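>>> one predicted model, sequence on top.
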Amino acid sequence: MRLLLISDTHLPVRAKKLPAPVWDAVDAADVVIHAGDWVSVGLLDELESRAARLVGCWGNNDGPELRARLPEVARVTLDGLSVAVVHETGSSKGREERCAAAYPGVDLLVFGHSHIPWDTTGPGGIRLLNPGSPTDRRRQPYCTYQTATITVGRLEQVALHNL
């Protein structure tokens, strides 16, 4: 199962549209995961119509229309892997321990908010991934997104892509 992980798209505030390589990755993915701060409901509509499957949550910059359609925390099992998606996880200090305690039984936690790519493993084996942002790099050298695969409950081939 091929995954595309994105977050903090902030459309149309930070960009008018998603970059073409991200749309190519949407087309190639079995599941698109968006960890909040969509800003525009138009992107949610586009991804729902174009992605094979979409899993997402709302972020702190998402208004009532997006919050009405998306959960604060999305939970799904993908090919035997327990996945949670949330926008904010707090400061980087102590993140692994805090998330392991807050999301027991979760194998993969996808989060956003910071626009800073993240890939660590916490206590009990919870994998924490933040794809950064494909449209707003902030203090990072590149805008980014992540891809990964799941094979029979195992997360594999996690890759960070620079735009």
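Arrived safely, thanks for sending.

>>> for the residue nearest to A84 when sequence neighbours are not counted, pull up the helix or strand it's in.
Counting by Cβ to Cβ, 6 or more residues apart in numbering, A84 lies nearest to V106, which is 4.6 Å off, once chain neighbours are set aside. No exception for glycine: its C-beta is placed from N, CA and C like everyone else's. For V106, there is no helix or strand it lies in under DSSP states H and E.

>>> use 25 as the first number from now on
Will do, 25 is the new start, and the previous item becomes V130.

>>> what's the average pLDDT for the strand or helix carrying T171?
Using DSSP H and E, T171 sits in strand 168-175. Average pLDDT, strand 168-175: 98.

>>> buried residues in that strand, which are they?
T168, Y169, Q170, T171, A172, T173, I174 (16 or more other Cβ atoms under 10 Å).

>>> ok, residues contacting that strand?
Contact partners of strand 168-175, identified using Cβ atoms under 8 Å, 6 or more residues apart in numbering, comprise 25-30, 46, 49, 53, 102-105, 141, 143, 153, 155-158, 161, 179-187.

>>> quick one: strands adjacent to it?
Paired strands of strand 168-175, with direction, are strand 26-30 (antiparallel), strand 178-186 (antiparallel) (DSSP bridges).

>>> off-centre distance for that strand?
10 Å (Cα atoms, centre = their mean, to the nearest Å).

>>> could you do stretch 79-88 as well?
Per Cα atoms, centre = their mean, the centroid offset for stretch 79-88 relative to its chain is 12 Å.

>>> tabulate the CA atom coordinates of it in CSV.
The C-alpha trace of stretch 79-88 is given here as CSV (Å, rounded to 0.1, in the frame of the first residue of the first chain):
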residue,chain,number,x,y,z
VAL,A,79,-7.5,10.3,5.6
GLY,A,80,-7.3,13.7,7.2
CYS,A,81,-7.8,15.8,10.3
TRP,A,82,-8.4,19.5,10.8
GLY,A,83,-5.7,21.9,12.0
ASN,A,84,-5.6,25.1,14.0
ASN,A,85,-6.0,27.3,10.9
ASP,A,86,-9.0,25.4,9.6
GLY,A,87,-12.4,27.0,10.0
PRO,A,88,-15.9,25.7,10.9
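
>>> that concludes my questions; thank you for your assistance.
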